[in-house]
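Q: Structure for the following, please:
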Amino acid sequence: MKRAAILWRVASVLVAGSFIAAWQLVADLRLVSPVFLPGPDRAWAALVRGFSSGDLAGKLIGTLEHMAYGWFAASIAGIGLGALIGSSKMMRAYVAPSLEFLRPLPVSAIIPVAIAMLGLTQGMALFVIAFGAIWPIMLATIHGFAAVEPRLYEVARSLQMSRAAIIAKIALPSALPDILAGMRLSLTVALILSVVCEILAGLDGLGHWVLLSARAFRSADLFAGVILLGATGYLTSIAVSLVEQRLLAWQAAAR
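A: The predicted model follows:
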C-alpha cells in the first residue's frame with residue numbers, strides 16, 4: 001500500500017515536471033510571443049522579485065483574508081442552518097423549495113445585486129464569497145444529519161436527552177465527515193470568488209495584481225500571480241485535509 005502511494009507521488013511529480021519542461025520549451029522556441037507567454041524561469045523570477053522588492057506578499061495576505069472571512073462566515077451559517085434543517089423532517093419539507101430556488105443561482109448573477117446594495121466594498125466581497133461558499137457546507141451538513149441512523153435518535157429519546165444534546169453528542173459526530181468534505185470543497189469556491197471580487201471591485205489582493213499585470217502586458221508578473229493562486233489553493237486544501245484526518249482519527253481506529 002505504501003509502495004503504491006509512493007509510486008503515485010513520483011508519477012505526479014514527473015507529470016508536473018514534464019509540463020514545466022514543455023512550457024519552457026515552447027517559450028524558448030517562441031512558438032507563442034514572449035509578450036503573452038513567458039517561460040517558467042521568467043515567471044519564477046517575477047515571483048521572487050514580487051516577494052523581495054514588490055508588494056506581492058501584501059496582495060497574498062489580502063486574498064487570504066478575503067477567502068478566510070468569507071469561508072468562516074459560510075461555515076458558521078452553513079453548519080448552523082444545515083443542522084437545523086437536516087435534523088427536522090418538517091424543516092426539510094418547508095425549506096427545501098426555497099433552497100432549490102436559491103442553490104442553482106450562479107454567483108455571477110448575485111454580484112450585480114451585491115454591488116447595488118453594498119457598493120464596491122469589503123462587505124460586498126464578504127457577502128458574495130459567503131453566498132457562494134455556503135452551499136457545499138450547508139448541503140453536506142443537511143445530508144449528514146439526515147443520514148443519521150434513526151435507531152440512534154430512538155435511543156437518545158429513551159434516555160430523555162435534550163434536542164441540543166442529541167445534536168451535539170449523536171448527530172454532529174455522525175455528520176462530521178460530510179461537513180468536513182463540504183468545508184474543503186467550499187474553501188476552493190471561496191478562493192475563486194475572492195479573486196473575482198478583487199478583480200471587479202479593485203480590492204487589494206492577487207486578483208487585482210493579476211488584472212493590473214494583464215493590462216500592462218507584464219506577462220511574467222501575471223503568471224507569477226496565477227502560480228501563487230494555484231499554490232494557495234493547493235496548500236489550503238492540504239491543510240484542511242490534515243485537519244480532517246485529525247478530527248476523524250476515531251473513524252480509522254473504529255475500523
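Q: When you work out contacts or count neighbours from here on, use the C-alpha atoms and nothing else.
A: Will do.
Q: Just list what the helix or strand hosting Leu25 packs against, helices and strands only.
A: Taking DSSP states H and E as the definition, Leu25 sits inside helix 2-28. Judged by 3 or more Cα pairs under 8 Å, 6 or more residues apart in numbering; DSSP states H and E, helix 2-28 is in contact with helix 40-52.
Q: if we look at the helix it packs on, which residues are touching it?
A: Helix 40-52 is contacted from outside by Ile20, Trp23, Gln24, Leu56, Ala57, Ala220, Asp221, Phe223, Ala224, Gly225, using Cα atoms under 8 Å, 6 or more residues apart in numbering.
Q: can you tell me the average pLDDT over the helix holding Leu25?
A: The average pLDDT for helix 2-28 rounds to 84.
Q: go on, stretch 85-98?
A: Stretch 85-98 comes out at a mean pLDDT of 78.
Q: Kindly report the same for stretch 153-166.
A: Regarding stretch 153-166, the rounded mean pLDDT is 76.
Q: Roughly how far does the residue in the chain sticking out farthest from the centre sit from Ile166?
A: Taking Cα atoms, centre = their mean, the residue of the chain most remote from its mean C-alpha position is Ser158, at 40.5 Å. From Ser158 across to Ile166, the span is 12 Å (Cα to Cα, to the nearest Å).
Q: Also Val10?
A: 46 Å.
Q: Out of these two, name the residue with the larger neighbour count.
A: When neighbours are counted by other Cα atoms under 10 Å, Val10 and Ile166 differ, and Ile166 comes out ahead with 18 against 12.
Q: The more buried one contacts Val155, doesn't it?
A: No. Ile166 sits out of contact with Val155 when judged by Cα atoms under 8 Å, with a separation of 10.0 Å.
Q: Pass me the low-pLDDT residue ranges in the protein, would you?
A: Across the chain, the ranges flagged by pLDDT under 70 are 1-2, 5, 250-255.
Q: Helices along that one, start to end?
A: Ranges of helices within the chain are 2-28, 40-52, 56-86, 89-102, 107-118, 122-146, 150-158, 163-166, 172-201, 206-215, 219-247, 249-254, based on DSSP state H.
Q: now these in a markdown table, with distance to Pro34?
A: A markdown table is the format used below for the helices of the chain (distance: least, Cα to Cα, whole Å):
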| stretch | distance to Pro34 |
| --- | --- |
| helix 2-28 | 7 |
| helix 40-52 | 10 |
| helix 56-86 | 22 |
| helix 89-102 | 44 |
| helix 107-118 | 32 |
| helix 122-146 | 34 |
| helix 150-158 | 63 |
| helix 163-166 | 61 |
| helix 172-201 | 24 |
| helix 206-215 | 13 |
| helix 219-247 | 8 |
| helix 249-254 | 49 |
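Q: deepest of those, which one?
A: Comparing the helices of the chain by mean neighbour count (mean count of other Cα atoms under 10 Å), helix 122-146 ranks first with a mean of 25.
Q: Could you list every helix and strand in contact with that helix?
A: Checked by 3+ Cα pairs under 8 Å, 6+ apart, helix 122-146 has helix 56-86, helix 107-118, helix 172-201 packed alongside it.
Q: which one of those helices lies closest to Ala146?
A: Using Cα to Cα as the criterion, the shortest distance between Ala146 and the helices and strands packed on helix 122-146 is 5.0 Å, found for helix 56-86.
Q: Residues in contact with stretch 188-197: which ones?
A: Under the contact criterion Cα under 8 Å, 6+ apart, stretch 188-197 has outside partners 63-64, 66-68, 70-71, 125, 128-130, 132-133, 203, 205-208, 233, 237.
Q: about what we covered before: just the closest of the contacts of helix 40-52 to Ile110, please.
A: Taking the contacts of helix 40-52 together and measuring to Ile110 by Cα to Cα, the closest member is Gly225, at 26.1 Å.
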